[in-house]
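In: Show me how the following folds:
(chains A, B, C and D)
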Protein chains: 2
Amino acid sequence: MREVLAKAAFQLFLERGFEQTTVDDIVARAGVGRRSFFRYFPSKEDAVFPDHESCLADMTAFLEAADDAEPVDAVCDAARIVLRMYATNPEFSVQRYRLTQEVPGLRTYELSVVRRYERTMAGYLRRRYADAEDGSLRAEVIAAAVVAAHNNALRSWLRSGGEGDAEAAVDHALELVRNGWGSAAASGDAGADVDDDVVVMVVSKRAPMWRVVQRVESALGQD
Amino acid sequence: MREVLAKAAFQLFLERGFEQTTVDDIVARAGVGRRSFFRYFPSKEDAVFPDHESCLADMTAFLEAADDAEPVDAVCDAARIVLRMYATNPEFSVQRYRLTQEVPGLRTYELSVVRRYERTMAGYLRRRYADAEDGSLRAEVIAAAVVAAHNNALRSWLRSGGEGDAEAAVDHALELVRNGWGSAAASGDAGADVDDDVVVMVVSKRAPMWRVVQRVESALGQD
DNA sequence: CGACGGTATGGCACTCAGTACCCCCTGTAA
DNA sequence: TTACAGGGGGTACTGAGTGCCATACCGTCG
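Out: Numbering: from 1, shown residues only, chains lettered A, B, ... in the order given. As a prediction, the model looks like this:
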C-alpha cells in the first residue's frame, strides 16, 4: 500500500511537477482514500523519499554494532550505506534528484533528511570521543565533513545520470576527509624521533597522509 | 513595519508557542492587515529569523572583497560575521534558540537558513580552488566543517544562556578545522628535506599543527 | 485647486495540506 | 447471530499562503 502510493505519487510528480500535484490527485490515481495517504506518509514530501526511513534505521543499527572499529572508518562505512541505497535504483535516484533540484520545498525537506543521517553519525562519534578533548566538537565537524564529501560525490554521480562508479567516487571523496582527521593506528610508513623541543621524522612518500598526520600529532603531543 | 511585525510575532511565539500562534493573531497584535504580513515575510517561519537575510548579504559582500586573503581564513572570518549577529542581541538569540529547539518546523527552517550560508562559503571556496585538484570537493567539505564548528560553538554558547565569550569559543572551534585543512604559507617552524622516496622532517614542538601539515603535504607531493 | 500615477496597505475569496472525528466494512470469536 | 477490533474511507474543519481588487496616501503636473 505504501508502495502503491509512493509509485503513484512519483509518477504524477514527474508528469505534472510536485507543486502542481495535489494529494487528491495521488489518491485518485492510487485508487485509495485521501485519509489513507496521510496514514502512510506524514506529509506530501515524504512520498518522494520513501526509503530513507529504513536506510536511517540500517545506519543506526550498523553504528551500534561498530563499537570496536576505528571511529572515522565507521562513519565513512555508514555513509556508504546511504550511497548503496541510491545506487540500487539508479534511474529512480536520478529522476528524484532532478525533481528535488527544481522544487525548493523538496530541497529543504531533503536537508532535514540528510541532517538526520549527520546527527546519527555525530552521535556515534560523540560516544566514541567521549573522553577526548573537544570530543563533541570533533564529532560534529567530522560528521559534517563526511556527509559533505559523500554528498559531493553522490551529486556528481547523479548529475552524470548514474554513469560511472559511484562507490569509487565516494571512496575518493572520503579519503580526502580522512587525510584531515583520520586517526587510525600508524603503521610502519612513518616514524618519529622525539627530542626535547624538536621532532625528527622520516616519512615514506607512499605513506597515506592520514597516517602521517597521526604520527605528527602524537609526536608533537598536540590534540 | 517589518520590525513591528517581527516583534509582535516573537512575543506571541514566546507566550503561546509557535504552532499555537496563527498569523491572524500576529497581525491583530501588530494592528495591521493579514495581507501585509506576507508582504514582509514569505512564511510564518521567516518572522523568527528576520535578520538572517541581511546577514547573508553581509557575508556575500565580505567574501566578494576577500579575493586576496587565504581562502580558509576568509570563510572563518565570514563565519564570525554570523556569530557577531547572534552576539549583538544575546537575550533575543537565546530565547530564539530555545524556541527553535522545541519546534520541529523551526528546526528544519533554520537548516535551510544555515545551508545558504554554507553554500555561499562553498561557492567562494570553489572559485578560489578552481585550479586545484578536487577543488569543488574541498570547497564543500571545508565549508561544511567550518559551519559545523561554528554551530557547535554557537550552540554551546546559546545553551549556556549567553554567558561566556562566544568569540573565543568559535575561534577555538575554527582552529580545530584549520588544523585539518589550513594551507597558509609555512614559516620557519618546520622544515623538510626531500629525497627520492623518503622525506626527513625537523619540526619544532611549538609549531602550529596546520603549518606542519602544510609542510608535510607539500613535501609528500600530495594534494 | 483638481486630476493623475505610483506605491503601500487592507480586505476578500480561494486552494490545498494536514487533522479530528466518525463511519463502515471485514474478519474473528463466542 | 451478536460482540468486538482494526484497517481503511468520508466529511468537515483549521490555517498557511496566494491572487485580485479596492482603497488610502503622496508627490507631480496641469
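
In: A:Ala8 touches A:Thr21, doesn't it?
Out: No. A:Ala8 is beyond contact range of A:Thr21, at 9.8 Å (criterion: C-beta atoms under 8 Å). Where C-beta positions appear, they are placed from N, C-alpha and C, glycine not excepted.

In: can you give me the strands for chain A?
Out: For chain A, the strands defined by DSSP state E occupy A:190-194, A:198-204.

In: looking at those strands, which has the lowest confidence?
Out: Lowest mean pLDDT within the strands of chain A: strand A:190-194, a mean of 60.

In: where does chain A dip in pLDDT?
Out: Across chain A, the ranges flagged by pLDDT under 70 are A:180-223.

In: what are the ranges of the helices in it?
Out: Counting by DSSP state H, residue ranges of the helices within chain A are A:2-16, A:23-30, A:34-40, A:52-64, A:71-88, A:90-102, A:104-128, A:135-159, A:166-181, A:209-220.

In: so how many other residues sit close to the closest residue in space to A:Thr100 that isn't next to it in sequence?
Out: Spatial nearest neighbour of A:Thr100, chain neighbours left out: A:Leu106 (4.5 Å); criterion: C-beta to C-beta, 6 or more residues apart in numbering or on different chains. A:Leu106 sits with 20 neighbouring residues when counted by other C-beta atoms under 10 Å in any protein chain shown.

In: interface residues of chain A facing DNA strand D?
Out: Within reach of DNA strand D by C-beta under 7 Å from any atom of the strand, chain A has these residues: A:1, A:32-36, A:39.

In: Can you say which of the residues you listed are buried?
Out: Neighbour-count burial (16 or more other C-beta atoms under 10 Å in any protein chain shown) applied to the residues of chain A next to DNA strand D gives A:Val32.

In: Map the structural domains onto the sequence of chain A.
Out: Structural domains assigned to chain A are A:2-46, A:51-181, A:196-223, following automatic domain parsing.

In: how about CSV for these, with distance to B:Leu99 added?
Out: Shown next, in CSV, are these (distance: least, C-beta to C-beta, whole Å):
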stretch, distance to B:Leu99
domain A:2-46, 22
domain A:51-181, 18
domain A:196-223, 35
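
In: B:Leu174 is nearest to which of these?
Out: Closest approach to B:Leu174 among those (C-beta to C-beta): domain A:51-181, 9.8 Å.

In: and the closest one, how far out from the chain's middle?
Out: Relative to its chain's centre, domain A:51-181 lies at 1 Å (C-alpha atoms, centre = their mean, to the nearest Å).

In: thinking again about what came up before, of all pairs in the residues of chain A next to DNA strand D, which one spans the longest distance?
Out: Greatest spacing in these, by C-beta to C-beta: A:Met1 and A:Arg34 (13.9 Å).

In: Residues of chain A that sit close to DNA strand C?
Out: Counting by C-beta under 7 Å from any atom of the strand, chain A sits next to DNA strand C at A:21-24, A:34-35, A:38, A:42-45.

In: Serialize those residues to TSV and add fields for distance to B:Gly135.
Out: Below are the residues of chain A next to DNA strand C laid out as TSV (distance: C-beta to C-beta, whole Å):
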residue	distance to B:Gly135
A:Thr21	38
A:Thr22	43
A:Val23	43
A:Asp24	47
A:Arg34	49
A:Arg35	50
A:Phe38	45
A:Pro42	39
A:Ser43	37
A:Lys44	37
A:Glu45	33
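
In: Buried among those residues? Make that a ChimeraX selection.
Out: To isolate the buried members of these in ChimeraX, using 16+ other C-beta under 10 Å:
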select /A:21,23,44,45
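
In: Pick out whichever of the residues of chain A next to DNA strand C sits closest to DNA strand D.
Out: Nearest to DNA strand D among the residues of chain A next to DNA strand C: A:Arg35, at 3.8 Å, using C-beta to the nearest atom of the strand.

In: Reformat the helices of chain A as CSV; add distance to B:Val72.
Out: Formatted as CSV, the helices of chain A follow (distance: least, C-beta to C-beta, whole Å):
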stretch, distance to B:Val72
helix A:2-16, 40
helix A:23-30, 46
helix A:34-40, 46
helix A:52-64, 30
helix A:71-88, 21
helix A:90-102, 28
helix A:104-128, 21
helix A:135-159, 13
helix A:166-181, 12
helix A:209-220, 16
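
In: from those helices, which stretch is densest packed?
Out: helix A:135-159 (a mean of 23; mean count of other C-beta atoms under 10 Å in any protein chain shown).

In: I'd like to know which elements that one is packed against.
Out: On a contact count with 3 or more C-beta pairs under 8 Å, 6 or more residues apart in numbering or on different chains; DSSP states H and E, helix A:135-159 meets helix A:71-88, helix A:90-102, helix A:104-128, helix A:166-181, helix B:135-159, helix B:166-181.

In: Which residues are in contact with A:Asp46?
Out: With contact set as C-beta atoms under 8 Å, 6 or more residues apart in numbering or on different chains, A:Asp46 has no partners.

In: and if you look at A:Leu174?
Out: Contacts of A:Leu174 (C-beta under 8 Å, 6+ apart): A:76, A:79, A:146, A:149-150.

In: Out of those, which is nearest to A:Ala28?
Out: Nearest to A:Ala28 among the contacts of A:Leu174 is A:His150, at 37.7 Å by C-beta to C-beta.

In: ok, and the closest non-adjacent residue to that closest one?
Out: Closest to A:His150 by C-beta to C-beta, 6+ apart is A:Ala79, at 4.2 Å.

In: A:Ala166 too?
Out: Closest residue to A:Ala166 apart from its sequence neighbours, by C-beta to C-beta, 6+ apart: A:Trp157 at 4.3 Å.

In: so that neighbour touches A:Ala168, yeah?
Out: No. Counting by C-beta under 8 Å, A:Trp157 stays clear of A:Ala168, with 9.7 Å between them.

In: Looking at the domains of chain A, spot the one closest to B:Arg16.
Out: Of all the domains of chain A, the one in closest proximity to B:Arg16, counting by C-beta to C-beta, is domain A:2-46 (23.6 Å).

In: Okay, the nearest residue to A:Ala87 once chain neighbours are set aside and DNA strand C: tell me how far apart.
Out: Leaving aside its sequence neighbours, A:Ala87 sits nearest to A:Ala166 (C-beta to C-beta, 6+ apart; 5.1 Å). Look at A:Ala166 and DNA strand C: by C-beta to the nearest atom of the strand, to the nearest Å, they are 31 Å apart.

In: ok, A:Thr60 - contacts?
Out: Neighbour list for A:Thr60: A:Thr120 [criterion: C-beta under 8 Å, 6+ apart].

In: Quickly note the distance from it to chain B.
Out: Going from A:Thr60 to chain B by C-beta to the nearest C-beta, to the nearest Å gives 19 Å.
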